[in-house]
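> With the input below, show me the fold.
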Amino acid sequence: MQKTPAQPFSGYQKTVVAMLAFLQFAVILDFMIMSPLGALIMPDLHIDPSKFGLVVSAYAFSAGISGLLTAGFADRYDRKKLLLFFYTGFIAGTVWCGLAQSFESLLAARVFTGLFGGVIGSVVLAISTDLFPPQMRGRVMGLIQTAFAASQVLGIPAGIYLSNRWNWHVPFIAMAAFGLIGGLLVAWKLQPVDAHLKQPQEHSAFMHLYHTVTEKRYLLAFCVTALLTIGGFMLMPFSSAYIVNNMGIDLQHLPTVYLVTGLCTIFIGPMIGRAADAVGKFRVFLFGTVLSMTMVVVYTHLGHVPLWLLVLVNSVLFVGIFSRMIPFQAISSTVPSMTQRGSYNAISASIQQLAGGLASLAAGHIVTQAPDGHLQHFDRIGYVVVCTSLIAAVLLWRLTRGLPVAAAPQAQAAT
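As a prediction, the model looks like this:
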């Protein structure tokens, strides 16, 4: 089969991708920074681990609820205006987190931030779908997903440095100031994204939501989203404790693991996106599924290992994870019609947040900690992740069978 040359990005498209990736970076960093700051927040606010866990999960659950509440209205406005509205609330919530002086205030700030921040990712995906045709979306998703890796390489170390240099409040204030610059750039450079408003709209927001959640192909995609999220969120909460207590890696070398893994995924993400556009998104997804399942089993059975081996295993594991997520997001972008992209992505983001919260709780009931700190039954999480990955692959295969190329939605021109 002859391979079609990749269509190059226009100057405006490059600017859009950079802005969307920046917004993703800001939102992901705000979510991820809480865990490494826990060692400073808990003694300062005099709270125990259970209360800190509530603060962390409050963001995810409020973001999930926000996605459901927003879904019925997500396609009724210019996506640029919708993005700026929620991003403004997100910045205000981040400032509130930085100013919080008590457990109650920080908890309320995280709920507020989640209500706004949880919707931004879905609007970013809707905009990228509107502005880029299907044959370019693999590359777009690959570039946007590098925000996750960048938050590990740049954001988390910077946040830890600022908190150690001053206090845990400073990283939030710095994130808000840094994020404000990105918001102003979006307001200035991003053109209106309103082609969907020219299509016939449903009068009732409730019926718009109902028709989105009852569409069979959407339900399949939502199930795949939930299954992929469960796998990631079951491993993440205990990974640091597992590395230190089970593998024998000391705390001083822990940042090295995340730094090298992040650098690896920064470079590999765009390559995965180009491969998805060139050889087929589902093929790359299957490759990522097989690779990630293999590495999850290896990772969850590691004992005391040298640092270099852990870094290698962890990096290859994340290559597998990204090789699933990037092509899946590209495939998922072709599922909804133009007039339902906002609601579809809002519900998908909501499911992702809720599934992640539930997966973390479930993992907490599977894993136990011995008196010496050793984590027990961590291998069982690996088996659960393998099962969810296999089911996700079967469901995505069924979904792609009903998505012929001819039915792919036409993207709004971006020149």
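> from memory residue 367 sits against residue 379, does it?
No. Residue 367 lies out of contact with residue 379 (CB atoms under 8 Å); the separation is 9.9 Å. Glycine gets a C-beta too; all of them are placed from N, C-alpha and C.
> so how far is residue 357 from residue 48?
Applying CB to CB, to the nearest Å, the value for residue 48 to residue 357 is 20 Å.
> Just give me the neighbour total for residue 124.
23 (other CB atoms under 10 Å).
> ok, residue 330 - contacts?
134, 137, 138, 140, 141, 273, 276, 277, 281 (CB atoms under 8 Å, 6 or more residues apart in numbering).
> Just send the residues you listed back as JSON lines, with secondary structure too.
Formatted as JSON lines, these follow (DSSP: H, G, I helix; E, B strand; the rest coil):
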{"residue": "134", "secondary structure": "helix"}
{"residue": "137", "secondary structure": "helix"}
{"residue": "138", "secondary structure": "helix"}
{"residue": "140", "secondary structure": "helix"}
{"residue": "141", "secondary structure": "helix"}
{"residue": "273", "secondary structure": "helix"}
{"residue": "276", "secondary structure": "helix"}
{"residue": "277", "secondary structure": "helix"}
{"residue": "281", "secondary structure": "helix"}
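> Looking at neighbours, which among those residues is most surrounded?
residue 141 (32 neighbours).
> Leaving out the residues flanking it, which one is nearest to it?
residue 329 (4.4 Å; CB to CB, 6 or more residues apart in numbering).
> pretty sure the one you found is touching residue 145, no?
Yes. Applying CB under 8 Å as the test, residue 329 and residue 145 come out as touching, 7.5 Å apart.
> Neighbour count: these two, which is higher?
residue 329 (26 against 23).
> For that one, give its distance to residue 360.
The value you get for residue 329 to residue 360, if CB to CB is used, is 22 Å.
> Excluding chain neighbours, what is closest to residue 354?
residue 64 (3.8 Å).
> Stretch 256-270 - what's its average pLDDT?
For stretch 256-270, mean pLDDT rounds to 80.
> mind listing what's buried in it?
Within stretch 256-270, the residues that count as buried by 16 or more other CB atoms under 10 Å are 257, 258, 259, 260, 261, 262, 264, 265, 266, 268, 269, 270.
> Packing partners of the helix or strand where residue 265 lies?
Element membership for residue 265 (DSSP states H and E) is helix 254-279. Secondary-structure packing of helix 254-279 (3 or more CB pairs under 8 Å, 6 or more residues apart in numbering; DSSP states H and E): helix 137-150, helix 156-165, helix 216-245, helix 281-299, helix 307-332.
> So residue 393 is in contact with residue 292, correct?
No. Between residue 393 and residue 292 there is no contact under CB under 8 Å: 10.6 Å.
> Which one's more surrounded, those two?
Neighbours per residue (other CB under 10 Å) separate residue 393 from residue 292, with residue 292 holding more: 27 against 20.
> Looks like that one contacts residue 325 (just checking).
No. Assessed by CB under 8 Å, residue 292 is found out of contact with residue 325, at 9.6 Å.
> Could you tell me how many residues sit around residue 335?
24.
> Quick check: it is in a strand.
No. Residue 335: not assigned to a strand; according to three-state DSSP it is coil.
> need the contact list for the nearest residue to it once chain neighbours are set aside.
Spatial nearest neighbour of residue 335, chain neighbours left out: residue 221 (5.0 Å); criterion: CB to CB, 6+ apart. If you count contacts by CB under 8 Å, 6+ apart, residue 221 has them with 332, 335, 344, 348, 399.
> Quick check: phi and psi on the fourth one?
In other words, residue 348. With angles defined as degrees, to the nearest 10, residue 348 sits at phi -60, psi -40.
> Just the pLDDT at the nearest residue to it once chain neighbours are set aside, thanks.
Closest residue in space to residue 348, ignoring its immediate chain neighbours: residue 225 at 5.2 Å, by CB to CB, 6+ apart. In the prediction, the pLDDT value recorded for residue 225 is 90.
> swap in residue 171?
89.
> List the buried residues for the helix or strand hosting it?
Assigned by DSSP H and E, residue 171 belongs to helix 169-189. By 16+ other CB under 10 Å, the buried positions in helix 169-189 come out as 169-176, 178-180, 182-183, 186.
> repeat for stretch 379-391
Buried residues in stretch 379-391 (16+ other CB under 10 Å): 379, 381, 382, 384, 385, 386, 388, 389.
> Same question for stretch 286-293.
Under 16+ other CB under 10 Å, the buried positions of stretch 286-293 are 286, 287, 288, 289, 291, 292, 293.
> Check the offset of the helix or strand in which residue 107 is found from the chain's centre.
Take DSSP H and E as the rule and residue 107 turns out to sit in helix 103-131. Relative to the centre of its chain, helix 103-131 is centred 11 Å away, using CA atoms, centre = their mean, to the nearest Å.
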